[in-house]
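Student: no sequence for this one, just the structure:
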Ligand code: SF4
């Protein structure tokens, strides 16, 4: 499989399965600098700026190895997360195994470009990068028409879906975020929508977003959607203590 890293948060019973490989090339991707769960690292997200480029992982687990390493854990939620878990052909079988052995609620975090068998995924979180096609191309190297199409199809098929987008100063600001909220609001006004804050990485020209910028975008998104929240990197949850399983 493409899984190179696993963490477990025992108080919330959340299992994070980290997959390697992505079909976008986001200029602000922190995975180029820190491969592992940010909750484990000693540095703050601001500390990413001083990190050298990371070497890609060189050890991947088979499905049997994943199941053996998590044996004894009781995850309430299993998060299939990035880079891009939807690219792994064995992901659907693992999601099924998690349902059958742990009865966990399976959540896929995705950039939305690739489609996969979601039979054993209970909820999908689309992490949008931009709404405007040119901005999307500038940031990720790819157009976003397919992503918007995949998102709409999934919502209209009745799958439980959430959406999120990061405020990136001077690139993806409140008007861009409002445009995405307006697009979603036209067919799913109750869909949960989260505005997050970009944090700066070496080699990318954008500064970190602050809470005021994010809140401005949230208030515009609320004109179109009923369920909008913000998450910024300065909101630290002290009880969040993931443990490294692999
Ligand atoms: S979609 Fe996520 S993992 Fe892929 S390049 Fe962008 S930020 Fe990185």
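Tutor: Perfect, I can see it now. For clarity, every value in this text was computed on a predicted model and none was experimentally measured.
Student: make it CA atoms for all contacts and neighbour counts henceforth
Tutor: OK.
Student: show me where pLDDT drops low in the chain?
Tutor: Where the chain drops to pLDDT under 70, the residues are 42-43, 233-238.
Student: try it again with 80
Tutor: Of all residues in the chain, those with pLDDT under 80 make up the ranges 41-47, 232-239.
Student: all strands of it, in order?
Tutor: 3-9, 14-19, 77-81, 105-110, 123-128, 161-167, 193-197, 228-231, 243-244 (DSSP state E).
Student: angle of the third one against strand 3-9?
Tutor: With axes from the mean of the first three to the mean of the last three CA atoms, to 10 degrees applied, the angle from strand 77-81 to strand 3-9 works out at 150 degrees.
Student: contacting residues around strand 77-81?
Tutor: 13-19, 98, 104-110 (CA atoms under 8 Å, 6 or more residues apart in numbering).
Student: one more time with 6 Å
Tutor: Strand 77-81 has contacts (CA atoms under 6 Å, 6 or more residues apart in numbering) with 14-18, 104-109.
Student: can you give me the helices for this structure?
Tutor: 63-69, 91-102, 133-140, 145-156, 174-185, 211-221 (DSSP state H).
Student: with residue 202 as the reference, measure out to the residue at minimal distance from the centre of the chain.
Tutor: Nearest residue to the geometric centre of the chain (CA atoms, centre = their mean): residue 109, 4.4 Å. Between residue 109 and residue 202 the computed distance is 24 Å (CA to CA, to the nearest Å).
Student: around the ligand, which positions in this protein sit nearby?
Tutor: 22, 24-26, 29, 82-84, 111 (CA under 6 Å from any ligand atom).
Student: put the buried members of those residues into a PyMOL selection.
Tutor: A single PyMOL command selects the buried members of the residues of the chain next to the ligand (16 or more other CA atoms under 10 Å):
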select buried, resi 22+24+26+29+82+83+84+111
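Student: just the closest residue of this structure to the ligand, please.
Tutor: residue 83 (3.7 Å; CA to the nearest ligand atom).
Student: you'd agree that residue is up against residue 20?
Tutor: Yes - between residue 83 and residue 20 a contact is recorded at 5.2 Å, counting by CA atoms under 6 Å.
Student: ok, back up a step: who's in contact with the residue of the chain closest to the ligand?
Tutor: Per CA under 6 Å, 6+ apart, neighbours of residue 83: 19-22.
Student: nearest to residue 170 among the contacts of strand 77-81?
Tutor: residue 109 (25.4 Å; CA to CA).
Student: could you tell me the end-to-end distance of stretch 217-226?
Tutor: 14 Å.
Student: residues near the nearest residue to residue 135 once chain neighbours are set aside, how many?
Tutor: Excluding its sequence neighbours, the residue lying closest to residue 135 (CA to CA, 6 or more residues apart in numbering) is residue 171, at 7.3 Å. Close neighbours of residue 171, defined as other CA atoms under 10 Å, add up to 15.
Student: ok, residue 110 next?
Tutor: Going by other CA under 10 Å, the residues that sit close to residue 110 add up to 23.
Student: thought it was touching residue 128?
Tutor: No - assessed by CA under 6 Å, residue 110 is found out of contact with residue 128, at 8.7 Å.
Student: state the distance from the residue of the chain closest to the ligand to residue 55.
Tutor: Residue 83 is 14 Å from residue 55, by CA to CA.
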